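Asks: need a structure here:
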Amino acid sequence: MTRRAGLALAAATATVLAVAIAPAAATAAPAAKCDNRNNNTVSKLLECVTAEGAFEHLEAFQEIATANGGNRAADTPGYEASVDYVVETMEAAGWEVSIDEFDYAYQPPAELQQLTPQNVALAAGNFSEGSGSGTVTGQVIPVDLVLAMPRDPVTSGCEAADFAGLDFSGTADIALIQRGTCEFGVKARNAQNAGAEAVIIMNQGNTPERSGMITNVTLIGANPDPLDIPVIATDFASGAALAVPGSTARVVKPESENHPQKNVIAELPGVNDDNVVMAGAHLDSVPEGPGINDNGSGSAALLEVAESISKLKPQNTVRFAWWGAEEEGLIGSTEYVAGLSQAEKDRIALYLNFDMVASPNYIYMVYDGDESTFEAPVVVPEGSIQIEDLFERYFTSIDTPYDDAEFSGRSDYEAFILNGIPAGGLFTGAEDVKTAEQAEIWGGTADEWLDPCYHQECDDIENVSLEALGVNTDAIALSVLVYSYSTELVNGVRGKSIPGGLRLPDPAGAEGTWAD
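Replies: This is a model prediction of the structure:
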């Protein structure tokens, strides 16, 4: 058992809340009652926030994906329909809604045609950044390939010496390089320096995972400057077919096109408009599937909370965001923060991130702001520990074990923490395998991914835990309500007392008032 899971179990009954916090399974208030009142206390709000309410939004996202090619990915009709749904829902709830457009570099599909000794189309893929563009037809020159098993290690193209003795003196030479050992960009740069007019990087082929198409990989890294020549990817089988003597091919790498995309921003104005409490979730899916857990779950939870606090008169301005193109590299949130003036950034008291909060084989995790389990690879802004503390005290109060998730910056909170804005969030897991110990604590199935359908077609309406969705939606609601009244413990800005007070247990077992 991990330290935090053990603390939560041991301390769960140490102290009770002065204001009762109902578990997710508790009986909800009648809808009409919730729709017509100001849910300005913890007990009233959590009486109205339900897993079923959030699930209705997930069903809407599934319907959108089903009607639009099976996904809600950036730059697709499914994403546009998702934006429209969020806008309509938030406007109906009475929030001030705006669209934040940002540039998005759409990359048309690459093409790869072997011309001799056979004329056949082969698998082709783009690298996410760093390639030149153009069409090159010429001879294929294999570079230090290792095609026979075992294929590890493979150093193809990692050194300039790998190209020595190869004839790149022609007018259209295509270097065929194999994945392995060093960065893709290093391999491609060495090929360009050797005289190649185009590069094909094939997968390694030593495991099933490294035999298919290379996807979503950058050429920017040790060589930060984009290349001048087109570079495309292919799978191992296609690369092996190209490696035969006398092979010629045509490589097509089109220029990228700007297709502006959208973030949805919604505000509930507060008395103190210079102290903004932000919460966000990415709205887009991967192209492979509907993205109902990733990240329909976070998006739906925010919608459910937003509807339930629509009549709140907050002390601090509350701002929710649904980000675009997260799956393409955190683009929407990054562009949003980059477009803010320093004065606007200074207004943001904190940012809460909710990316995958209903994984079917879940464990409850809180971003590890105090680095008690994981040493963060980023600078953790001051105040982030206090956000983690609030979530931990909540889970302790409802007798629910929790653990740490690495404070890595690998979601939409990255742009905020890079600008010194305190952040925190919740996570129920992706492709990590659940251990037997974790299964004993949280239930579920050991030796399977926490989300068995992560980034796959099966991330559909059947791929969520209603229990996890309910618990985390309550936690989100609690955090937003608390910070809408005061962020003093996070950024030092005093607010006002939450009606009825809020007394939360310390996970270590000591009683203490978090806010009252």
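
Asks: isn't Gly429 right next to Asn361, touching?
Replies: Yes. Using C-beta atoms under 8 Å, Gly429 is in contact with Asn361, at 7.2 Å. Where you see a C-beta, it was placed from the backbone N, CA and C, and this is true even at glycine.

Asks: Find residues that contact each of the two.
Replies: Counting by C-beta atoms under 8 Å, 6 or more residues apart in numbering, the shared contacts of Gly429 and Asn361 are Trp449, Leu450, Asp451.

Asks: Nearest residue to the second one in space, please, no chain neighbours.
Replies: Computed as C-beta to C-beta, 6 or more residues apart in numbering, the closest residue to Leu450 that is not its neighbour in sequence is Gly429, at 2.6 Å.

Asks: need the contact list for the one you found.
Replies: Gly429 neighbours (C-beta under 8 Å, 6+ apart): Met356, Ser359, Asn361, Tyr362, Ile363, Met365, Trp449, Leu450, Asp451.

Asks: what do you get if the cut-off is 10 Å, keeping everything else the same?
Replies: Counting by C-beta atoms under 10 Å, 6 or more residues apart in numbering, Gly429 touches 293, 356, 359-365, 403, 405, 438, 442, 444, 449-451, 454, 468.

Asks: Show the pLDDT at it.
Replies: Gly429 is assigned a predicted lDDT (pLDDT) of 98.

Asks: For it, give me the backbone phi and psi.
Replies: Backbone torsions of Gly429, given as degrees, to the nearest 10, read phi 110, psi 150.

Asks: What is the neighbour count of Glu375?
Replies: 9 (other C-beta atoms under 10 Å).

Asks: Report the contact partners of it.
Replies: Glu375 touches Asp368, Glu406, Phe407, counting by C-beta under 10 Å, 6+ apart.

Asks: Could you point out which residue ranges in the stretch 1-150 of the chain have low pLDDT?
Replies: 1-28 (pLDDT under 70).

Asks: nope, the stretch 401-516 of the chain is what I meant
Replies: Using pLDDT under 70, the stretch 401-516 of the chain drops low at 508-516.

Asks: Could you tell me which strands sit next to the longest strand anywhere in the chain in the sheet, and their orientation?
Replies: If you go by DSSP state E, the chain has its longest strand at strand 272-282. Strands that pair with strand 272-282, judged by DSSP bridges, come out as strand 316-323 (parallel), strand 348-354 (parallel).

Asks: Any buried residues in the one helix or strand Glu440 maps to, and which?
Replies: Per DSSP states H and E, Glu440 falls inside helix 436-442. Buried residues in helix 436-442, counting neighbours by 16 or more other C-beta atoms under 10 Å, are found at Gln438, Ala439, Ile441, Trp442.

Asks: Output the helix or strand following the longest strand of the chain as CSV, nothing but the C-alphas.
Replies: Per DSSP H and E, the first helix or strand lying C-terminal to strand 272-282 is helix 298-308. Provided in CSV are the C-alpha atoms of helix 298-308 (Å, rounded to 0.1, in the frame of the first residue of the first chain):
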residue,chain,number,x,y,z
GLY,A,298,-13.4,15.9,-17.4
SER,A,299,-15.5,18.0,-19.8
ALA,A,300,-18.8,16.5,-18.6
ALA,A,301,-17.9,17.0,-14.9
LEU,A,302,-17.2,20.7,-15.5
LEU,A,303,-20.5,21.0,-17.3
GLU,A,304,-22.4,19.4,-14.4
VAL,A,305,-20.7,21.6,-11.9
ALA,A,306,-21.3,24.7,-14.0
GLU,A,307,-25.0,24.1,-14.2
SER,A,308,-25.2,23.5,-10.5
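
Asks: For Ile99, list each beta-bridge partner.
Replies: Val264.

Asks: wait, what's in contact with Pro269?
Replies: By C-beta under 10 Å, 6+ apart, the contact set of Pro269 is Trp95, Glu96, Val276, Lys313, Pro314, Asn316, Thr317, Val318, Arg319.

Asks: Check Ala439 too.
Replies: Asn361, Ile363, Thr445, Ala446, Asp447, Glu448.

Asks: measure the nearest residue to the fifth one once chain neighbours are set aside to Pro452 for me?
Replies: Put plainly, it is Asp447. Sequence neighbours aside, Val433 is the residue nearest to Asp447 in space, at 6.1 Å (criterion: C-beta to C-beta, 6+ apart). Distance, Val433 to Pro452, by C-beta to C-beta, to the nearest Å: 10 Å.

Asks: Give me the common contacts of the two.
Replies: Common neighbours of Val433 and Pro452 (C-beta under 10 Å, 6+ apart) are Asn361, Thr445.

Asks: Compare the two (neighbour count), which wins?
Replies: Pro452 (16 against 13).

Asks: Show the backbone phi and psi for the more buried one.
Replies: Torsion angles, degrees, to the nearest 10, at Pro452: phi -60, psi -20.

Asks: Might you report the residue contacts of it?
Replies: Residues in contact with Pro452 (C-beta under 10 Å, 6+ apart) are Ser359, Pro360, Asn361, Glu431, Lys434, Thr445, Cys458, Asp459, Asn463.

Asks: repeat that for 8 Å
Replies: Contacts of Pro452 (C-beta under 8 Å, 6+ apart): Pro360, Asn361, Cys458, Asn463.

Asks: again, but for Thr181
Replies: Counted by C-beta under 8 Å, 6+ apart, Thr181 has contacts Pro153, Val154, Thr155, Cys158.

Asks: and the longest helix that the chain contains, how far out from the chain's middle?
Replies: Looking across the chain with DSSP state H, the single longest helix is helix 466-485. Averaging C-alpha positions (C-alpha atoms, centre = their mean, to the nearest Å) puts helix 466-485 19 Å from its chain's average.

Asks: Start the count at 19 instead of 1 going forward.
Replies: Yep, numbering from 19; the last one is helix 484-503 now.

Asks: Next, the angle from it to strand 366-372.
Replies: For helix 484-503 against strand 366-372, the angle by axes from the mean of the first three to the mean of the last three C-alpha atoms, to 10 degrees is 180 degrees.

Asks: and the angle from helix 484-503 to helix 316-326?
Replies: Using the same axes, to 10 degrees: helix 484-503 against helix 316-326 is 50 degrees.

Asks: helices and strands around helix 484-503, which ones?
Replies: Packed against helix 484-503 by the contact rule (3 or more C-beta pairs under 8 Å, 6 or more residues apart in numbering; DSSP states H and E) you find helix 60-66, helix 69-85, strand 290-300, helix 316-326, strand 334-341, strand 366-372, helix 402-415, strand 441-445.

Asks: List the buried residues for the second one?
Replies: By 16+ other C-beta under 10 Å, the buried positions in helix 69-85 come out as Ala69, Gly71, Ala72, Phe73, His75, Leu76, Ala78, Phe79, Gln80, Ile82, Ala83.

Asks: Nearest spatial neighbour of Thr153, chain-adjacent residues omitted?
Replies: Using C-beta to C-beta, 6+ apart, the nearest residue to Thr153 is Val270, at 4.9 Å.

Asks: doesn't that neighbour fall inside a helix?
Replies: No. Using DSSP: H, G, I helix; E, B strand; the rest coil, the secondary structure at Val270 is strand, not a helix.
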